[in-house]
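1. Could you look at this predicted model? Sequence included:
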Amino acid sequence: MNETIFPVAPTLGERARAALGRRNLVFVGLMGAGKSAIGRMTASQLGLSFIDTDNEIERVSRMTISELFAAYGEEEFRALETRVIKRLLRTGPRVISTGGGAFINDKTRKQIERGGVSLWLKADLDVLWERVNKRDHRPLLKTENPRQTLENLMNQRYPVYALADMTIQSRDERKETIVKEVLEAVIEYMGKGSRHEQD
Ligand SMILES: Nc1ncnc2c1ncn2[C@@H]1O[C@H](COP(=O)(O)OP(=O)(O)O)[C@@H](O)[C@H]1O
Ligand SMILES: O=C(O)C1=C[C@@H](OP(=O)(O)O)[C@@H](O)[C@H](O)C1
Ligand SMILES: [Mg+2]
């Protein structure tokens, strides 16, 4: 019997994986933007391993993020976060979802700029609030008016997140759609005139 072999077109995930090469893909953005959820799904599409820096910090410290903040304060948490991210970036490629404050820290942001391509999941206050107010594991939001705290953080941090290599709007839309947009952004960014073109 004659068998005809049809060439199989690469999937979007395969094309994005090839475009990424040896770089890590690093998700940044505010609490509730979807870094952890979208990062995990993106990694699966890319066939890369996934690490959430908060999970990794909790694993190495054997404490929850809330416990770390309560016992040692935010400054110590940031130092630990910087160390963990530095190590993760050295051993990629992988998809890394950071906690919301990581990219704001100058040292951590410079590490990410050297060892990865960054993607800001940007979201409106209403979207963020809708998502974060269902859970209470975020120590920075344990304030009298957490919605106002979130808004203040947006004002402080959005100019810094804007330094990321790519930006995708995280919104009230299926996660699969956001993942598809992320993969398309990686292909476009890595393909044309990115600072990583020669890597
Ligand atoms: N596109 C989306 N549609 C609906 N829910 C989402 C979407 N993206 C994220 N979420 C949900 O919002 C919540 C916060 O997402 P998470 O990934 O923990 O955010 P982050 O890590 O940026 O703080 C989670 O319950 C997650 O499943
Ligand atoms: O914005 C921040 O400074 C923080 C965000 C959290 O991660 P998510 O952005 O994944 O919620 C976590 O790292 C910690 O509570 C501090
Ligand atoms: Mg997260």
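-> Good, I have the coordinates. Because the structure is a prediction, the values reported are computed rather than measured. Ligands and ions are numbered 1, 2, ... in the order given.

2. The residue in the chain that ligand 3 sits nearest to: what's it in contact with?
-> At 3.4 Å from ligand 3, Ser36 is the closest residue in the chain, using CB to the ion. Where you see a C-beta, it was placed from the backbone N, CA and C, and this is true even at glycine. By CB atoms under 8 Å, 6 or more residues apart in numbering, the residues touching Ser36 are Asp52, Asp54, Ser97.

3. change it to 10 Å
-> Applying CB atoms under 10 Å, 6 or more residues apart in numbering, we find Ser36 in contact with Phe27, Phe50, Asp52, Thr53, Asp54, Asn55, Ser97, Thr98, Gly99.

4. Quick one: neighbours of the second one, just the number.
-> The criterion is other CB atoms under 10 Å. On that basis, Phe50 has 19 neighbouring residues.

5. And the pLDDT for Gln198?
-> For Gln198, the pLDDT comes out at 47.

6. what is the rounded mean pLDDT of stretch 150-169?
-> For stretch 150-169, mean pLDDT is 98.

7. what do you get for stretch 111-130?
-> For stretch 111-130, the mean pLDDT works out to 97.

8. Next: stretch 32-43.
-> 98.

9. Parallel or antiparallel, list what pairs with the lengthiest strand in the chain.
-> For the chain, the strand reaching the highest residue count under DSSP state E is reported as strand 116-122. Under the criterion DSSP bridges, strand 116-122 sits next to strand 24-28 (parallel), strand 166-169 (parallel) in its sheet.

10. Please identify the deepest-packed of these.
-> Comparing those by mean neighbour count (mean count of other CB atoms under 10 Å), strand 24-28 ranks first with a mean of 29.

11. Tell me the gap between that one and the middle of its chain.
-> How far strand 24-28 lies from its chain's middle: 5 Å, per CA atoms, centre = their mean, to the nearest Å.

12. Would you tell me whether it gets close to ligand 2?
-> No. With CB under 6 Å from any ligand atom as the measure, strand 24-28 is seen stopping short of ligand 2, the closest distance being 9.0 Å.

13. Identify the residues contacting the most centrally placed residue in the chain.
-> The structure's the chain has its C-alpha centroid closest to Phe27; by CA atoms, centre = their mean the separation is 1.6 Å. The contact partners of Phe27, by CB under 10 Å, 6+ apart, come to 33-40, 42-43, 50, 52-53, 95-98, 102-103, 116, 118-121, 164, 168, 170, 182.

14. Same question for Ala123.
-> Neighbouring residues of Ala123 by CB under 10 Å, 6+ apart: 29-34, 129-131, 154, 168-172.

15. Okay, and which of those residues map to strands?
-> Counting by DSSP E, the contacts of Ala123 place Ile168, Gln169 in strands.
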